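Visitor: Give me a 3D structure for the following:
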Amino acid sequence: MAPDKSYKILLNISAFIISAFLCFVVSEYAVRLLRLSKTHNSYDAINLAAYSPEKNSFGWRDREFTKKKNLNTYRIVCIGDSVTEGYKVEVKKTYAKVLESILLRLNYTVEVINAGRCGNNTPANLATVETAMQFQPDLIIYQFGLNDIEGLEHMEHVSVSSSKGQQVSGKNHFNLKAVLRKSALYLALAERYNYLKLKLGYRHWAFEEWHIKDALWEKEFIKLKNGLSKSKINAKILIIYMPYDFQIYSNREETLAPSKKLTTFCQVNSYDFIDFTQVFKIQKNKYKIFLDDCHLSEVGNKMTAEYLADFIRNYYFL
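Guide: Model (predicted):
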């Protein structure tokens, strides 16, 4: 006896659901295998428990250095946050060590110390500058990032922390976004969609999050000026600005606001300055520069090191 019409419909629906599920599983596995999502497994900020690189006796992710350098050696110290330390990148592929390799290949007698520290803000970076001066540096490369600004609260961090532990009738809220972030396929599609929107000139939520008030900038610049003034006497200071990915992908004027602030600060106080927003914007493979929303990939570290090497040769060695 032939199955009735309703049975056939149910069978077709079941087959469609099973096929769709299998298609999703295969696609999810392929995206994870090919690492097509930048933010998968790194979206919830820096996971310090999963990231614990070896450090030297000074707490820096580098080899040991004597405080006294050789007379013919040009010593460079790179200071900054997790971008400089090289979050989730091999030590030899951080921009500090790639820079050292480039200059050594060009027959310069140099040492480049990576004194970046994951989680550093401006006060912590300035404390590192004081320690670094004991190593007789000729040049300090000071990496500045928006998240280094003390007192700045990220909108997303605030919303996440405020929602933790919230209950309705004794039950926790269901967080759909947290569930979706577990899927590499969803993140890969969302990232590409975001990238396309930014390229087309649409606004991004991060524009609002990083709208930093002038009073906060003024406090930041006072700290920088006071913290770097003593070091400036004995070593050259090169301040570099490392942007977030949305600042590179977008063509909107808002993305350049932090760069303009830092440019003015460096001009007034006679600091050399490189804005990597502009450096990265002209690259063909902009999407490959970052591991996530802010940390540099191997490609990004290499681009940074190559640009720094050219700058140092032209302005400090020639």
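
Visitor: next structured bit after the biggest helix by length in the chain?
Guide: Counting residues, the longest helix found in the chain (DSSP state H) is helix 5-34. As assigned by DSSP states H and E, the chain's next helix or strand after helix 5-34 is strand 74-79.

Visitor: Quick one: list the elements packing against that next one.
Guide: helix 95-105, strand 110-114, helix 122-132, strand 139-144 (3 or more CB pairs under 8 Å, 6 or more residues apart in numbering; DSSP states H and E). The C-beta positions use only the backbone N, C-alpha and C, and glycine is treated the same way.

Visitor: Past it, which element shows up next along the chain?
Guide: helix 82-85.

Visitor: returning to what we had before: include mean neighbour count, distance to residue 68 and mean pLDDT when you put the helices and strands packed on strand 74-79 into a markdown table, please.
Guide: Shown next, in a markdown table, are the helices and strands packed on strand 74-79 (neighbours: other CB atoms under 10 Å; distance: least, CB to CB, whole Å; pLDDT from 0 to 100):
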| stretch | mean neighbour count | distance to residue 68 | mean pLDDT |
| --- | --- | --- | --- |
| helix 95-105 | 22 | 19 | 98 |
| strand 110-114 | 24 | 12 | 97 |
| helix 122-132 | 18 | 14 | 94 |
| strand 139-144 | 25 | 17 | 97 |
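
Visitor: With distance to residue 315 added, can I get these in TSV?
Guide: What follows is the helices and strands packed on strand 74-79, written out as TSV (distance: least, CB to CB, whole Å):
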stretch	distance to residue 315
helix 95-105	14
strand 110-114	15
helix 122-132	20
strand 139-144	10
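
Visitor: In the longest helix of the chain, which of the residues would be classed as buried?
Guide: 27-28, 31-32 (16 or more other CB atoms under 10 Å).

Visitor: What is the nearest of the residues you listed to residue 87?
Guide: Of all these, the one sitting nearest residue 87 is residue 32; the distance, using CB to CB, is 19.9 Å.

Visitor: ok so, going back, which of the buried residues of helix 5-34 sits closest to residue 293?
Guide: Once CB to CB is applied, the member of those that ends up nearest residue 293 is residue 31, at 18.2 Å.

Visitor: got the contact list for the closest residue to residue 98 other than its chain neighbours?
Guide: Sequence neighbours aside, residue 305 is the residue nearest to residue 98 in space, at 3.6 Å (criterion: CB to CB, 6 or more residues apart in numbering). The neighbours of residue 305, taking CB atoms under 8 Å, 6 or more residues apart in numbering as the test, are 95-96, 98-99, 101-102.

Visitor: can we see that at 7 Å?
Guide: 95, 98-99, 102 (CB atoms under 7 Å, 6 or more residues apart in numbering).

Visitor: what about it, helix or strand, and which?
Guide: helix 298-312.

Visitor: report the angle between the axes of that helix and strand 74-79?
Guide: 140 degrees (axes from the mean of the first three to the mean of the last three CA atoms, to 10 degrees).

Visitor: Buried residues, helix 298-312. List them.
Guide: Neighbour-count burial for helix 298-312 [16+ other CB under 10 Å]: 298-305, 307-309, 311-312.

Visitor: now, which of the buried residues of helix 5-34 sits nearest residue 267?
Guide: Out of the buried residues of helix 5-34, the member with the shortest distance to residue 267 (by CB to CB) is residue 31, at 45.3 Å.

Visitor: Distance check, the closest one against residue 191.
Guide: 11 Å (CB to CB, to the nearest Å).
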